Each structure stands twice: as C-alpha cells, then as structure tokens.
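>>> A predicted structure for the sequence below; I have some questions about it.
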Amino acid sequence: MSHTGRIWIANVVVLATATAGYLLHRFPPATSSFYPRCPIFTWLHLYCPGCGGTRALAALLHGSLLEAMHWNAMVVLLLPFATFYFVITYWRAIRNADFRWPNVSNSLLALILGCVGIFTVLRNLPLR
C-alpha cells in the first residue's frame with residue numbers, strides 16, 4: 001500500500017473512533033436500546049471478558065471512573081495500553097514510509113490472555 005493510502009486509512013480510523021466516542025457519549029447504553037446484547041450472557045448467563053465494556057467506556061466518557069470500574073475493570077485497566085498501542089500505530093502509519101506494526105512479545109500476550117481468563121472466572125463466581 002502506498003504511503004498516501006496508509007495516511008488516508010489511518011485518518012479514517014481516527015475519525016471513526018472519534019465518531020464512535022461521540023455517539024457513545026451522546027447516547028449512553030443506560031438510556032439507549034440500540035446497543036447489541038452480549039450473546040454469551042444472553043444464552044449462557046455468564047459474563048464474558050467484554051461484558052459491560054461499552055457501559056464502562058460510556059462511564060469514562062462521562063468522567064465516572066468508579067462506575068466504569070464497576071461495569072468492567074479489565075477494560076478500564078487495559079484502556080491506557082490499548083490507547084498507547086493505537087497512538088504508536090497511528091504515528092508509524094503517518095510518519096514511516098516503511099510501515100511496521102508495533103511488536104508485542106508472545107510473553108506479554110500470554111500474560112494478558114491469562115489475566116483475561118482469570119478475570120472472566122472471578123467475575124462469574126457467586127461471591128456476592
């Protein structure tokens with residue numbers, strides 16, 4: 001892909017992300033019914049790792065960190081890392097004529113996957 005095409009795609013992704021953020025802020029899941037329901041929770045009555053993620057992001061957009069942590073702590077805790085990865089990828093796409101995806105080690109990916117698994121099990125235990 002040409003450098004100009006990559007810049008165009010990177011800017012479209014940023015615009016789509018900003019638009020999604022605006023819509024999530026303007027139409028929070030608590031008051032809007034058009035957001036899809038989680039099929040895992042609907043069919044199995046178990047919280048998947050992403051359950052509550054949309055509500056958590058909406059709470060963050062409204063400045064409520066505690067509410068966001070209530071809905072999905074994993075999304076809140078991983079968001080700074082995902083944002084950093086997004087920014088680095090965008091910067092490389094815009095600046096570098098020879099684009100490379102940021103490298104993430106297999107050890108880090110295994111650690112994240114393990115934490116997601118533990119989080120999923122713990123949030124479904126009947127401790128309440």
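Received the coordinates, thanks.

>>> Below-threshold pLDDT in this structure: ranges please.
Residues of the chain that meet the criterion pLDDT under 70 lie in 128.

>>> which helix of it spans the most residues?
helix 65-95 (DSSP state H).

>>> Okay, buried residues for it please.
Neighbour-count burial for helix 65-95 flags 67-69, 71-72, 74-76, 78, 89-90, 92-93 (criterion: 16 or more other Cβ atoms under 10 Å). (C-beta placed from N, C-alpha, C; glycine too.)

>>> all helices for the protein, in order.
3-26, 39-44, 53-61, 65-95, 106-124.

>>> Now do L60 against Y22, distance only.
14 Å (Cβ to Cβ, to the nearest Å).

>>> Ok, W101 next?
W101 is 27 Å from Y22, where distance means Cβ to Cβ.

>>> Next: A16.
For A16 relative to Y22 (Cβ to Cβ), the value is 11 Å.

>>> Find the nearest non-adjacent residue to L65, please.
Sequence neighbours aside, V76 is the residue nearest to L65 in space, at 7.2 Å (criterion: Cβ to Cβ, 6 or more residues apart in numbering).

>>> wait, doesn't the one you found sit right on G53?
No. Counting by Cβ atoms under 8 Å, V76 does not reach G53; the two are 9.1 Å apart.
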